[in-house]
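Asker: Coordinates only, no sequence provided:
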Ligand code: SF4
């Protein structure tokens, strides 16, 4: 898995609540069997017009947000379908950190499993960031995972919470399966002791 | 100490705990489908790993398959490739696959219970958010991402953090015409689409007890739409009765000892939860969604919202955006909304009871001429056979419905079944997100009987006033 330590980047605003994973990456792109190459389909129906040209009404399309690596979003971001194609698409687009008041559970997990950092911040902080991002072109934030703080261009900081275990995995880019397999003997012991109902052979 | 069902299942599946880490829990059943698994199998191959317990892993084709004549080749080469990929992965890794020609094939969340793979007290995962459906049997069942699919394939475990528990108690009695779908939509309307985030919900109360197993599955199915990790209903006599004689129960175990094992997982009286939400069943009306999130819902006698009445700024913006997308004015009576298509199907409402309910409403009527397409897509081939044995297909086709092969179909429109831009649909599925049923399509979520009656009238009607012929 990719590591995540610190990140400095342009912040792109996505001013909508309950953004679902169907929106992040629509179903027609789920037919691919690869893990990469989804970036160009991110927010497909919002970002692009019928003829494939950028939709000027979609705020993130403004030139000033080009190359953004931090996404600023509203509550319950990533709800709906469990598709991991959603974080794959965000990552492929270059967005590695998402700031929102709250996240849907499966999406939140999927981010960590792809070396991405979703950060939940108080709604008032998010409101304020929306204002700042819109007020100054090229607005950048520095996200420091080891220190668990976000630094604004004026040097002021915002602290954030992250689960210590997940933090450790992100910092070291640890492979979750590899970690679990360190406890292989525990799994075997469970399997020999627990009465697991085995489906009849059919 | 009295324990709730979640605590019991959690404790029975703990493989390993270590301070500062997620707990490792054992997974009893892993369901797999074609859309969220290819990258997981590929990951195994790259790492040189095997499927640890193929006998606990079951795959089906459902999301991407045609619902029309299956003897015809699949026209979309990408869909075909995905289907072929799952087929070859299952062969390579020794996983049972219910392919399109298999009599057991169907939507993953319909066939799991049907085959008796889903049982009380089990942990069940699938790379699909509606895995919550299986909670109706008192199994801890939840959706996972593809990395986790690979993790379960390789280790038969998942690192998890213990969730908070919420009891949603629905007491009283439902009024005639009110179904499980209306109950869960009313619940989502009350707690919101993020109301359950971080929680596992147990549904309790007389209304839940009185629901059939099919109805309970509908309720648990849409738990994810309330943001919860999983929904659970404690097993009781109905659960045990439903499972009797199903194909995949463990061999050589008497029905009595299975019943005893299953019943032991029911929540103890006097157990506690972190939160309680209460609803009165008698207050629940037939529900219709008006917006682009399942929480944007009202009773059929209600109206679309009036923006000036919404106090919260962000909520008002969302409602405004949703009304625009749905092309609906403020304050419009729900019964004034005219529809173009009707979809009866999906893992929410495609079981035999749903089809019976819908057919009862259409019997003797014709689909309104203004409705371009009304389709019924059974949840599984077994449901289809059962419905045909009962003559339900005839009732539907005589009324002008199309009777299709089983699959996910227009619930997510990955195959050819979809809305065209601007089309409005009465749908028994679970998500009314923008474009979910086809780019630019507009979805209203309703119960099967409400969808059927809307097909006949061409607009929504209050099913409580329906004249059954
Ligand atoms: S019917 Fe719809 S919600 Fe259910 S599994 Fe299929 S696509 Fe998902």
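Answerer: Perfect, thanks for sending it. From a predicted model like this one, the values you see are computed outputs, not experimental measurements.
Asker: biggest helix in the chain, by residue count?
Answerer: As the question left the chain open, I've gone with chain A. Longest helix in chain A by number of residues (criterion: DSSP state H): helix A:123-135.
Asker: nope, chain B
Answerer: Under DSSP H, chain B gives helix B:77-93 as its longest helix.
Asker: ok, is it in contact with chain A or not?
Answerer: Yes - against chain A, helix B:77-93 shows contacts by CB under 8 Å from any CB of the partner chain at B:78-79, B:81-82, B:85. Backbone N, C-alpha and C define where each C-beta goes, glycine included.
Asker: Stretch B:317-331 now?
Answerer: Yes - using CB under 8 Å from any CB, stretch B:317-331 reaches chain A at B:317-318, B:321.
Asker: okay, now residue 5: neighbour count?
Answerer: With no chain named, the answer covers chain A. 13 (other CB atoms under 10 Å in any protein chain shown).
Asker: could you do chain B instead?
Answerer: The burial count for residue B:5: 26, using other CB under 10 Å.
Asker: ok, it - contacts?
Answerer: By CB atoms under 8 Å, 6 or more residues apart in numbering or on different chains, residue B:5 lies in contact with B:138, B:202, B:232, B:234, B:265-267.
Asker: List of residues touching whichever helix or strand residue A:71 is part of?
Answerer: Per DSSP states H and E: residue A:71 is located in strand A:70-72. For strand A:70-72, the external contacting residues (CB under 8 Å, 6+ apart) are A:7, A:9-14, A:90, A:95-100, A:126, A:129-130, A:133, A:141, A:143.
Asker: at 10 Å what do you get?
Answerer: By CB atoms under 10 Å, 6 or more residues apart in numbering or on different chains, the residues outside strand A:70-72 that reach it are A:7-15, A:19, A:42, A:60, A:65, A:77, A:90, A:93-100, A:116-119, A:121, A:126, A:129-130, A:132-134, A:139-143, A:150.
Asker: Now which of those would you call buried?
Answerer: Using 16 or more other CB atoms under 10 Å in any protein chain shown as the burial test, these include A:7, A:9-14, A:19, A:42, A:60, A:65, A:77, A:90, A:93-100, A:116-119, A:121, A:126, A:129-130, A:132-133, A:139-143, A:150 as buried.
Asker: before we move on, back to that, which ones among the contacts of strand A:70-72 are found in strands?
Answerer: A:7-13, A:97-100, A:117-119, A:140-143, A:150 (DSSP state E).
Asker: re the thing from before, redo the contacts of residue B:5 as TSV? Include pLDDT and secondary structure.
Answerer: Putting the contacts of residue B:5 into TSV (pLDDT from 0 to 100; DSSP: H, G, I helix; E, B strand; the rest coil) gives the following:
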residue	pLDDT	secondary structure
B:138	98	coil
B:202	98	strand
B:232	98	strand
B:234	98	coil
B:265	98	coil
B:266	98	coil
B:267	98	coil
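Asker: returning to that earlier point: next, the buried residues of the longest helix of chain B.
Answerer: By neighbour count on 16+ other CB under 10 Å, the buried set for helix B:77-93 is B:78-79, B:81-83, B:85-87, B:89-90, B:93.
Asker: In CSV, list these along with distance to residue B:167.
Answerer: Converted to CSV, the buried residues of helix B:77-93 look like this (distance: CB to CB, whole Å):
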residue, distance to residue B:167
B:78, 44
B:79, 42
B:81, 45
B:82, 40
B:83, 41
B:85, 42
B:86, 38
B:87, 43
B:89, 40
B:90, 39
B:93, 40
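Asker: Mind picking the one among these that's closest to residue B:17?
Answerer: For the buried residues of helix B:77-93, the minimum distance to residue B:17 (CB to CB) is 29.6 Å, reached by residue B:93.
Asker: hang on, the earlier thing: report the two members of the contacts of residue B:5 separated by the largest distance.
Answerer: So, the contacts of residue B:5 by CB to CB: farthest apart are B:202 and B:265, at 11.4 Å.
Asker: Now do the shared contacts for the two.
Answerer: B:5-6, B:138, B:232, B:234.
Asker: Which residue is the nearest non-sequential neighbour of the residue in the stretch 201-350 of chain B positioned nearest to chain A?
Answerer: Relative to chain A, the nearest point of the stretch 201-350 of chain B is residue B:248 (3.9 Å; CB to the nearest CB). Nearest non-adjacent residue to residue B:248, counting by CB to CB, 6 or more residues apart in numbering or on different chains: residue A:199, 3.9 Å away.
Asker: which residues touch the one you found?
Answerer: With contact taken as CB under 10 Å, 6+ apart, residue A:199 is in contact with B:28-29, B:55-58, B:96, B:115-117, B:119, B:246-251.
Asker: In TSV, list the residues of helix B:77-93 next to chain A along with pLDDT.
Answerer: What follows is the residues of helix B:77-93 next to chain A, written out as TSV (pLDDT from 0 to 100):
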residue	pLDDT
B:78	93
B:79	92
B:81	95
B:82	95
B:85	97
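Asker: Check the gap between residue B:45 and residue B:85 for me.
Answerer: 12 Å (CB to CB, to the nearest Å).
Asker: swap in residue B:122?
Answerer: For residue B:122, the distance to residue B:85 equals 28 Å [CB to CB].
Asker: mind checking the SS state of the most centrally placed residue in chain A?
Answerer: Most central in chain A under CA atoms, centre = their mean is residue A:111, positioned 4.5 Å from the mean C-alpha point. What DSSP: H, G, I helix; E, B strand; the rest coil gives for residue A:111 is helix.
Asker: That one against residue A:87, yeah?
Answerer: Yes - assessed by CB atoms under 10 Å, residue A:111 is found in contact with residue A:87 at 5.0 Å.
Asker: so what sits against both of those two?
Answerer: With CB under 10 Å, 6+ apart, residue A:111 and residue A:87 have common neighbours A:78, A:96, A:98, A:118, B:145.
Asker: and the two most separated of the residues you listed?
Answerer: A:96 and B:145 (16.9 Å).
Asker: coming back round to it: how close does the residue nearest to residue B:248 sit to residue A:35?
Answerer: 30 Å.
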